[in-house]
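Engineer: Model the structure of this input:
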Amino acid sequence: MAVGSLLALLDDIATILDDVSVMTQVAAKKTAGVLGDDLALNAQQVSGVAAERELPVVWAVAKGSFINKLILVPTALLLSYFSAKFGIHWIIPTLLMIGGAFLCFEGFEKIAHKFLHKEEDAAHQSALAHAVEDANVDLVALEKEKIKGAITTDFILSAEIIVIALGTVAAASFGKQVAVVSAIAIIMTVGVYGLVAGIVKLDDLGLHLMLKKGQSVYRQVQRKVGEKLLAVTPYLMRLLSILGTAAMFMVGGSIIGHSIPVLHHFTEDISGYLQTLPVVGGALSVISPIIIDGIIGLKVGAICVALFELGKKLIPSKA
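Structural biologist: Now for the predicted structure:
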């Protein structure tokens, strides 16, 4: 009897773990777009410091990110618990909509800033480069400023990741919500800052390989690889930034599109129609929802930025 009870308990535990694993995979896919933007933004934030200080800065930001998660995860879970307890189920979907709109706003603002403030960006990058090289500049203060900015960025993106992850398991039991959201928080933090650490040291790795001495084929290959790494790193950073921005529109547009029944049904109808087409129908039915989500995200972002700029003009800022 005791053996039978133990086996039943183990079977229940295995079932729960299996459910949590599946839910975590689904949540990870949903938050992948924000992860791309998080990765790109943080890689840019921590680059530009002295080479020997890059990894300590990444570690300082990663610790800040863990603290952010320790604040955000319990807050989100408590909100989910009380919304279910008191029957106010609109809270999580509303937060998801706000998070999606913010993603679209942030993405469109980045594009608008790129085209409308080119000189400002160039001046900022030039000033930053000179600050690192200037012996009179307090590099410790510069580092602290960069770390503070990166942790603030992480807090916003972490909030979006957690709300999206929570939205995917909103119908699950509270215990499974705790397991899935906590797992996503840990996986995303380790994944992002592990990759950031690798990206910011790519140029150093390239330089290290280029300085290898010797005329053997192996040494020549190493120098060639180092040369390519040095050449590709700036383009990698730029690509990450572009993919991160595109992901913001697609993820934000997907959240909003799924929350508005008319848009959701429109996307399904288009996908269903394309699937009936010969040869390319299957591929088009997969791509079309992504494109539609991106277009929705782009339009929502444009509206949000326009409203924000209008608000700034109507509400005078305090001097």
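Engineer: make it CA atoms for all contacts and neighbour counts henceforth
Structural biologist: Fine.
Engineer: hmm, which helix or strand of the chain has the shakiest average pLDDT?
Structural biologist: helix 2-46 (a mean of 52; mean pLDDT, DSSP states H and E).
Engineer: What helices and strands are in contact with the helix or strand harbouring residue 103?
Structural biologist: Assigned by DSSP states H and E, residue 103 belongs to helix 91-116. Judged by 3 or more Cα pairs under 8 Å, 6 or more residues apart in numbering; DSSP states H and E, helix 91-116 is in contact with helix 139-168, helix 217-259, helix 281-314.
Engineer: Who are the packing partners of the longest one?
Structural biologist: The one in question is helix 217-259. helix 2-46, helix 91-116, helix 202-210, helix 261-275, helix 281-314.
Engineer: got the CA positions of the shortest one in PDB?
Structural biologist: Extracted C-alpha coordinates of helix 202-210, given in PDB (Å, rounded to 0.1, in the frame of the first residue of the first chain):
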ATOM      1  CA  LEU A 202      34.200  39.200 -29.300                       C
ATOM      2  CA  ASP A 203      36.500  42.000 -30.500                       C
ATOM      3  CA  ASP A 204      39.100  41.100 -27.700                       C
ATOM      4  CA  LEU A 205      39.000  37.500 -28.800                       C
ATOM      5  CA  GLY A 206      39.500  38.500 -32.400                       C
ATOM      6  CA  LEU A 207      42.500  40.700 -31.400                       C
ATOM      7  CA  HIS A 208      43.900  37.900 -29.300                       C
ATOM      8  CA  LEU A 209      43.800  35.500 -32.300                       C
ATOM      9  CA  MET A 210      45.300  38.000 -34.600                       C
END
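Engineer: Counting by contacts, list what that helix packs against.
Structural biologist: Looks like helix 202-210 contacts helix 217-259 (3+ Cα pairs under 8 Å, 6+ apart).
Engineer: picking up where we left off before, quick check: mean pLDDT across the helix holding residue 103?
Structural biologist: For helix 91-116, mean pLDDT rounds to 82.
Engineer: now it against helix 281-314, angle please.
Structural biologist: Relative orientation of helix 91-116 and helix 281-314, computed by axes from the mean of the first three to the mean of the last three Cα atoms, to 10 degrees: 80 degrees.
Engineer: How far off centre is helix 91-116?
Structural biologist: Distance, stretch centre to chain centre, for helix 91-116: 13 Å (Cα atoms, centre = their mean, to the nearest Å).
Engineer: buried residues in that helix?
Structural biologist: Of the residues in helix 91-116, 92-93, 96-109 count as buried by neighbour count, 16 or more other Cα atoms under 10 Å.
Engineer: Repeat that for stretch 225-245.
Structural biologist: Counting neighbours by 16+ other Cα under 10 Å, stretch 225-245 gives 225-227, 229-230, 233, 237, 240-242, 244-245 as buried.
Engineer: ok, of the residues you listed, which one's closest to residue 71?
Structural biologist: residue 244 (24.9 Å; Cα to Cα).
Engineer: Next, find the distance separating the closest one from residue 157.
Structural biologist: 12 Å (Cα to Cα, to the nearest Å).
Engineer: gap between residue 176 and residue 292?
Structural biologist: Distance from residue 176 to residue 292, counting by Cα to Cα: 32 Å.
Engineer: go on, residue 298?
Structural biologist: 10 Å.
Engineer: who touches both of those two?
Structural biologist: residue 253 (Cα atoms under 8 Å, 6 or more residues apart in numbering).
Engineer: Show me the shaky parts of the stretch 101-250 of the chain.
Structural biologist: 117-142 (pLDDT under 70).
Engineer: In contact with residue 276, which residues?
Structural biologist: residue 282.
Engineer: Roughly how far does it sit from residue 263?
Structural biologist: 21 Å.
Engineer: and if you look at residue 154?
Structural biologist: 30 Å.
Engineer: And the two? Which one has more around it.
Structural biologist: Of the pair residue 154 and residue 263, residue 154 is the one with more neighbours under other Cα atoms under 10 Å, namely 24 against 17.
Engineer: That one touches residue 65, doesn't it?
Structural biologist: Yes - shown here, residue 154 and residue 65 form a contact pair, counting by Cα atoms under 8 Å, at 6.3 Å.
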